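[1] Take a look and give me a structure for this.
(chains A and B)
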There are 2 protein chains.
Amino acid sequence: MNAVDRLIEKTLEKKNSAVIGLDPDIEKIPACYKAVKNQDSPFAAVAEAILNFNIDVIDSVAPLVPAIKPQMAFYEKYGSWGVRAFEKTVAYAKDKGLVVIEDAKRNDIGNTARAYADGHLGEVALLDGTTEPSFDADFLTVTPYLGSESLQPFVDNCVRYEKGIFVLVKTSNSSAGELQDAVAASGRTVSLSVADFVAEKAELCVGDYGYSSIGAVVGATYPEAAAVLRKAMPKSYFLVPGYGAQGGRADDVLLSFNQDGLGAVVNSSRGILYSHMSDSQRQICTRAEYIENVRAATATMRADIYDALKNYCSHMKY
Amino acid sequence: MNAVDRLIEKTLEKKNSAVIGLDPDIEKIPACYKAVKNQDSPFAAVAEAILNFNIDVIDSVAPLVPAIKPQMAFYEKYGSWGVRAFEKTVAYAKDKGLVVIEDAKRNDIGNTARAYADGHLGEVALLDGTTEPSFDADFLTVTPYLGSESLQPFVDNCVRYEKGIFVLVKTSNSSAGELQDAVAASGRTVSLSVADFVAEKAELCVGDYGYSSIGAVVGATYPEAAAVLRKAMPKSYFLVPGYGAQGGRADDVLLSFNQDGLGAVVNSSRGILYSHMSDSQRQICTRAEYIENVRAATATMRADIYDALKNYCSHMKY
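    Here you go, the predicted structure:
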């Protein structure tokens, strides 16, 4: 099944377009996850704590959300030990029926872009034969600074292996516009030029609901840009970061959606994981208390976005 | 010692500004490296073959070159097993006295950019205390699509931990200009806007030779751009990809250098590793034959660039 169809089916089933970012920060995760058995190395111990934490978060949110978005930076920080925790996290989430959006913002040129595309969304050569890669997520975020040539291998693999990408078009941070608002030779801004590429390639991966697995990252902190980009990429799914801790509200994300209530997923990471308990509460809470806290925060976010969409959409599908 | 000073000292010692990219492609590395002991998993076997290969390449080129540039995509392709091979490769190269340029083109926003910067160029928090990260390279390549806010954590860590970065300014591929030649609000192109940022931050990390550890990637395939960028970033070291397999020649890289013969390192990956023996020769060669082949190819590249620099530079320092 097309990657975007897997995401939409889970969205309809859970009646929810909010996804949870899994950004395990060892300085912020509750103390109760840090009593670990693995003493092979300090990195192995951190990786075990991260996995303990992720498993509880996934168990807590799995009944509520269509997908999780683990952020690779927080795993890679601990080298191969952290990357192993990432692999186990992806496998656990998929086992729980969740779609996985790998947020790694990868890209490079030529045969190197191909290596990233194969290693995250394709097949990899072994000494004998080929196999699925160990990063077997459904979607990957990719960066477009190197142009269309660099993006093509990811598009090719989306078509061939029923995977998806979210290309960075308009990011949620304060300095997003420095490069993304520059004007390209076409007379369009960089953001819109990338959007044009995404819209063109989106046609290659349209699923049963009329949406494409070739998607875009569009930050919640720039709602006016979202309206323009929604029109420029009518079939692409949007990954919308910036809700919650970064200041985006439910009203800010609406313009990333279509009138059927589909077309986007809204992510919150820190806003769910670390904002609803104080630092000192996270020092003393039990696992059961933390699980309930994350569940409640996720349910609140879901309701916030769902209610706003119900008001906004003329024919919401869920 | 400042990262760029470590690179310059090795350049002067070896009388060479050519560096070798370590891009292990399991479909191209000689068959003699594929007889491996580790049978834990197909990925473990590939990782062992990659490490066997890298160790011979490093041993072969260590007397000739100042640095190696392992490309993360080719390791990450094999998940945590590949990343472990990457870590061992970095450690082995440093043990042999080489500077290591990690080519991973990382970046993200806010606290995620900070996580990448800490995990590659800083210190990482453990369950108790902090330590050096397992990716303990000297330099990291970073991508600027997310603007100056996203680059700042990497700059901070270069200052604090005597590390270096090469920011993607002008890449060597065919579609580089699509975004990089767009015109920003300042009236400067995106490439030049990023260059302005690099030049400003470069002042924070100037070493004993007058160069900065805050550097730039400037592709050999755009020599006319290199001349402009050399002036825009007078103190920054350039990492110049695109020589050899991508079509760049010695004459094309000269404008990335200053008249002292410093200011840039030129990389070749496939041109050294896979171009000087045919596919069928790599099926039957011995390790000794391959080592000699890589050494000869590296010596030829060194001489090609060195001779061109000797002609070009008014007061070459080596």
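
[2] drop to CA atoms for contacts and neighbour counts, all remaining ones
    Noted.

[3] Let's verify A:Val100: helix, strand, or coil?
    The three-state label given to A:Val100 by DSSP: H, G, I helix; E, B strand; the rest coil is strand.

[4] Distance of it relative to A:Ile291?
    Distance of A:Val100 to A:Ile291, computed by Cα to Cα, to the nearest Å: 20 Å.

[5] same deal with A:Ala93?
    Counting by Cα to Cα, the gap from A:Ala93 to A:Ile291 is 16 Å.

[6] What of A:Tyr312?
    Distance of A:Tyr312 to A:Ile291, computed by Cα to Cα: 32 Å.

[7] Repeat that for A:Ile284.
    A:Ile284 is 14 Å from A:Ile291, by Cα to Cα.

[8] Who has more neighbours out of the two?
    A direct count of neighbours by other Cα atoms under 10 Å in any protein chain shown for A:Ile284 and A:Ile291 places A:Ile291 higher, at 20 against 13.

[9] The more buried one belongs to a helix, doesn't it?
    Yes. A:Ile291: assigned to a helix according to three-state DSSP.

[10] hang on, A:Asp252 packs against A:Thr221?
    Yes. Counting by Cα atoms under 8 Å, A:Asp252 does reach A:Thr221; the two are 6.9 Å apart.

[11] and A:Asn311, how many neighbours?
    10.

[12] before we move on, what about A:Ser41?
    10.

[13] tell me the contacts of the spatially closest residue to A:Tyr274 that is not a sequence neighbour?
    Nearest non-adjacent residue to A:Tyr274, counting by Cα to Cα, 6 or more residues apart in numbering or on different chains: A:Lys28, 6.9 Å away. Residues near A:Lys28 by Cα atoms under 8 Å, 6 or more residues apart in numbering or on different chains: A:Tyr274, A:Asp279, A:Arg282.

[14] Out of those residues, which sit inside helices?
    A:Asp279, A:Arg282 (DSSP state H).

[15] got the contacts of A:Lys28 as CSV, with neighbour count, distance to B:Phe197 and pLDDT columns?
    Output for the contacts of A:Lys28, formatted as CSV (neighbours: other Cα atoms under 10 Å in any protein chain shown; distance: Cα to Cα, whole Å; pLDDT from 0 to 100):
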residue, neighbour count, distance to B:Phe197, pLDDT
A:Tyr274, 20, 33, 94
A:Asp279, 15, 36, 93
A:Arg282, 19, 39, 95
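
[16] possible to save the contacts of A:Lys28 as CSV with distance to A:Tyr243?
    Formatted as CSV, the contacts of A:Lys28 follow (distance: Cα to Cα, whole Å):
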residue, distance to A:Tyr243
A:Tyr274, 14
A:Asp279, 21
A:Arg282, 22
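
[17] Out of the contacts of A:Lys28, flag the one nearest to chain B.
    A:Tyr274 (13.2 Å; Cα to the nearest Cα).

[18] Now do the closest one against A:Ala85, distance only.
    A:Tyr274 is 20 Å from A:Ala85, by Cα to Cα.

[19] do the same with A:Gln259
    39 Å.

[20] So for these two, which residue has more residues nearby?
    A:Ala85 (24 against 16).

[21] Which secondary structure element is home to the more buried one?
    Using DSSP states H and E, A:Ala85 maps to helix A:79-95.

[22] Perfect, I'm done here.
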